[in-house]
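J.: next input, structure requested:
(chains A and B)
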Amino acid sequence: MTTVIPGGADRISTPLHVSGPDAPWHRVRESMDRYGNAVVHTTWGEWLTAAVTEPSLRPLLGRDWPRYRRTADPTVRYRFVASRLATKYTAAAALHTDPVELDLAYKIGGRPYLRGLDQIDVSLTHTDDLIAVGVSRDGRIGVDAEPADRRMSYDLLSGHVLTPAERADLDPLDDADRTAAMLRLWTLKEAYTKALGQGLRLGFTEFGFGVGSGDLLAPDGRPAARGEWSFATHRVLGRYMLSVARHDAGLDTSRDTAARTMLDEGFMGAVTELLDVDRY
Amino acid sequence: MTITAEIIHPPGAPFGRTEADAHARAARLEALLGDPYDPANPHGLQALFAADDRGEPPAATETLLAGAGFGAELVPAAHGGLLTRADLLARALRPVFRRDVALGFGYGITSLFAAGAVWTSGTARQRQDVADLLLNGGRATILHHELAHANAILRHEFSARRTADGYRLDGRKDVIINAARADLQVVYARTDAARGPRSHSVLLLDPDRAGSGHVQRLPRVALPGMRGALFSGLEFTDCPVPAEALVGAEGDGVGVALRVFQVNRSVICGVVTSAVGTVLHSAVRAVTEGRTAPVAKRWHKPLAGVFADLLACDAMATVVLRALSLLPTQAHVYAAAVKYVVPDLLREDLEELATVLGARGYDHASPVYGALDKLVRDLPVAGLGHAGSASCQAVLVPQLRGLAERSWFAEEEPPPQLFRSGSELPDLDYGLLGIAGGGDFMAASLVGSADRLAPARGTSGTLGALADLAEAFRTELRALREQCRRLPTSGAALTDPAVVVLSDRYAGVVGAAGVLGIWEHQDGSDPFLADPAWAVLALSRLAGRLGIPVPDLPDSVHAQLLDELVRRHRDGLSCDLDAVSHAP
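T.: Residues are numbered from 1 along each chain as shown, chains lettered A, B, ... in the order given. Take a look at the predicted model:
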C-alpha cells in the first residue's frame, strides 16, 4: 500500500484491511485512539459467508432489511449486505459495542449515520469489489474509492471536474500523469462532498485542491479552509485509489467513544432518583 | 449619541410582558446594530468577521451592547431587569445572534447561563447582588462540572472541601469562556467524591476576592469556532471560599444544573436558528443576484427544505421556551428533546446551503457570503457537539419507560396558549422547573393533532399530506411505546446502545409535535403560516430522518416555500415564524 498524498497522513488513519466479521477489530480501536478516526477496506466476498449464514442478519440489517429482500440481483444483493455489515462492524468496534445494537440510518442527502450515537460520524463507499468505511470522532468524514485504472478523458471531463487553478496545475503534465491526477482529484472531491453529506449536489468546479499540498482551495486557488480539513489518498489492494476527507470541528472531543459510557451518571442518577420517588 | 438602557426600554412604556414588547426591543437593537451588509458599518458583518479573523471580541459592538443595556435582558423583572419569559428573551436577543453567535455567547448570554443557578436557588441577597452586577454591565461565567464524554469545554472540574468557615477549592480547567474577564464565577464544584446526583454544589466566586497565590489564570485557548470569544483556563489551589458563597444546599449542583440547562438549551435553540437564517439569506442572494429569471430548479429543494427546517426549529424552540413559563414542572423532557434535535438539524442545513453557495461560501471576509464559514465553526461550540446531545439523552433515556407506560396515548393535551402567538403566559420562574416526571404534553399534543387531522387523511393536496404525516408520526410513537414499555426501569441496562437509540427516535417524534402544534394554532393573520405547506415539508424532512415512509408531496409545496423565501429575502424579513424586519 502506498500513500499518494502525504497531506493528511498524520491526521488520518492508514486504511486497514478487514476480512469479514472476524477481522481484528482492535485495530480500529487503536486507530481511533491514535488518530481519532479509522478507515477500513474490505471486499464483499470476504463477507459472503456471513451474509449467507449469519443467523441475526435481519436485526443486523435493521431498516435496510426490506431493501435487501427486494434486491433480486444476487451480486447487488450481497454487495449491499456486505457494505452494511462492514459499516456496522466498523462502527461497533469504534463504539465498543455489538453491531446488532446499532441502528444504521440515513440523512436526507443519503449520508449514513448511527442513530442516537453521534460520537462518531461514518462514511461508506464501494466500487467493483471494494468496500471502504471511514469513522471519525472529531467531525465529518467522507471516503471515496475508484479503480486506479479507470479511464477518464481529460479533454472531456476536466472542464466539469476541475477548477481553473487545478487545470492550470494539470495542463502541463503528460497524458498519463494528468489522467491519474484527475482521478485522484475526483476521489478527493467525492470524499469531501460525501463528508458534507451532499454527494454530487456540490459542483466539483466550486472547490479544488492544491495539487502539491492537498489543501482545500477556492476555484481561484485561494485557501478555502484554515486547517480544519485534512485529506489523504491511498492505493489499496494494488488496484484502487481510496481518498479520505476528514473535518475537525475543533472541540477536542472525548477519546472515549464507547456507547455505554455516554450517558452522564450524575444526570441519569438525579432523574432516576426522582422518578423512583414519584413511583412510590 | 449616548446609548442607555432607556433606548431599549423607554420610560413610561408599559412594562413588557408581551411578544410585541420583545419585538419592539429587538427592533431597537436591530436599528442600533444597523445594516449588517454595509461594509462601512462598524457593527456590520464585515467588521464582525474581521474581528473573528483577528481572534478578538468585536470591541465597538460590545461597547454598543453595553450601552444598550444588554445585561438587563438577563435579569428577572423582579430584580429590576427585563427578563420575564424565556421565549421573549430569545426574541429580544436575536438581532445579536443573527449577526454573530460568538458575540451573543461571548459578550453575552453566558452571563445568564451562569446566573441561572442563582435565579434557581439563590438567597434574596445573592439574587440582588447578581442582578446588580449584570444590570451594571458586569459579566458572569460558568465553571461547568465534567460531564460524560466531555469535550474541551466540559472537560475537568473543580472540587471543594468543606472547612470551618466555608470551602477550599482545588482543580484546573483549561477552556472557560470569559474566565479572565468575568466579574463572577459560578462554579459547579465536586463536594462528594462519590458519583451520583448529590456529587456537586454551586459556589459563587468573586475573582477579585480570591486570595492571591490561590488562583492561577491560565493562558488563552484558541478554538476553531467562536474565535473572537475569550476562552482561557483557571487553576485553584486550596482557594478559600466563604460559606455564604454556596447556592442552595450542598449537593444541589446536579439538580440545579438540570434546571438551568433546560433554560440554556432552549434559549440556544431559539437564538442559533436565527443565525442560520442569515446564511439562508446569503444562499438566496447567491442564486438571485443579477438574475431576472426565476431561481434555477436545482436550488428549489435545498432552499425550500432549509427554510422549512428553520421554521420547524423555531416552532420547537418557541414551544419549549413557552413551556418553561406555562408548564414549568414538565418542560424538562421537551427541552432535552428539542436541544437534541435542533443543533443537528441546523448543522445539516448549513451543509445543504454550502451546495447552494458553492464557491461563494469560501468568500470568508465577505459580508454577504461569509456567514456560512463562520457559523460552521461557531455552531459546534454553541451546541457542544456529542457531549451536548449525550447530556440531553441522559435526561430522556431514564424517562422513556415511564412515559410509554403512563403518558403516551393517555394524557390530556397542553393548553393552546403553549402554541398560540400572542398568548399571555406566566413569568419564567427557575425555581418551579422540574427535572423528572410530570408526563409528556408534547406526545399528547401529537396524538391530538393527528386526531383532528384524521378526516383529511388520504385526500389530495397539502392538508391531506399533513394528515398522513401526522398519522405516520403517531404510528411511530405507537411503535416506540411497544419498545419502551419493555425497557428496564433503571440500572446499567439503560445504557445499552439499543436503548440510547430510542431517545433519538423519541426526540424526532416530539419535535414533529411542535411543528403540528404551531401550525394548528395559527390565527390566520399570516396566510403563509396558516397554509399547511411549510409544516408538510418540515415534517416530511423530520420523517425522512427517522426512516418513516414519506407520502409523495404535492408539487406546489416546494414552490410555495421558495416563493415566500424569495419574498422575505427581497423584503428583508427573517426566515423564522415571526418574519420580522431586518435593519435596512
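J.: how about low-confidence regions in chain B?
T.: B:1-16 (pLDDT under 70).
J.: how about the helices in chain A?
T.: Secondary structure of chain A (DSSP state H): helices located at A:26-35, A:48-53, A:57-61, A:65-70, A:74-95, A:154-161, A:164-170, A:175-195, A:265-279.
J.: pipe the ones you listed into TSV and attach mean pLDDT and distance to chain B per row.
T.: Bear in mind the C-beta positions are built from the backbone N, C-alpha and C, glycine included. As requested, the helices of chain A are arranged in TSV below (pLDDT from 0 to 100; distance: least, Cβ to the nearest Cβ, whole Å):
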stretch	mean pLDDT	distance to chain B
helix A:26-35	97	14
helix A:48-53	87	20
helix A:57-61	90	10
helix A:65-70	91	10
helix A:74-95	95	7
helix A:154-161	93	14
helix A:164-170	94	11
helix A:175-195	95	8
helix A:265-279	82	4
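J.: what's the spacing between the nearest residue to A:Pro164 once chain neighbours are set aside and B:Asp427?
T.: Closest residue to A:Pro164 apart from its sequence neighbours, by Cβ to Cβ, 6 or more residues apart in numbering or on different chains: A:Pro219 at 6.1 Å. Distance, A:Pro219 to B:Asp427, by Cβ to Cβ, to the nearest Å: 53 Å.
J.: same question for A:Arg222.
T.: Distance of A:Arg222 to B:Asp427, given as Cβ to Cβ: 51 Å.
J.: report how many residues lie close to the residue of the stretch 1-150 of chain A found nearest chain B.
T.: Across the stretch 1-150 of chain A, no residue is closer to chain B than A:Gly116, which sits at 3.6 Å (Cβ to the nearest Cβ). The tally of other residues near A:Gly116 (other Cβ atoms under 10 Å in any protein chain shown) stands at 27.
J.: can I assume it is in contact with B:Tyr506?
T.: No. Counting by Cβ atoms under 8 Å, A:Gly116 does not reach B:Tyr506; the two are 9.6 Å apart.
J.: go ahead and confirm B:Gly270 touches B:Thr318.
T.: Yes. When contacts are counted by Cβ under 8 Å, B:Gly270 is listed as touching B:Thr318 (7.0 Å).
J.: please enumerate the shared neighbours of the two.
T.: Contact with both B:Gly270 and B:Thr318 is made by residues B:Asp87, according to Cβ atoms under 8 Å, 6 or more residues apart in numbering or on different chains.
J.: how about residue 36, nearest residue that isn't a chain neighbour?
T.: Just going to use chain A. Distances taken as Cβ to Cβ, 6+ apart put A:Asp138 closest to A:Gly36, at 4.6 Å, once the chain neighbours are dropped.
J.: hmm, I had chain B in mind actually
T.: Per Cβ to Cβ, 6+ apart, closest to B:Pro36 is B:Leu45, 4.7 Å.
J.: distance of that neighbour from chain A?
T.: Using Cβ to the nearest Cβ, to the nearest Å, B:Leu45 is found at 18 Å from chain A.
J.: number of nearby residues for that residue?
T.: 26.
J.: now do the strands in the stretch 251-400 of chain B.
T.: Using DSSP state E, counting those that start in this stretch, the stretch 251-400 of chain B contains no strands.
J.: what parts of it come near chain A?
T.: Listed as neighbours of chain A in the stretch 251-400 of chain B under the rule Cβ under 8 Å from any Cβ of the partner chain: B:254-255, B:257-258, B:298, B:302, B:305, B:344, B:348, B:351-352, B:354-355, B:358-359, B:362-363, B:377, B:380-381, B:384-387, B:389-391, B:393-395, B:397-399.
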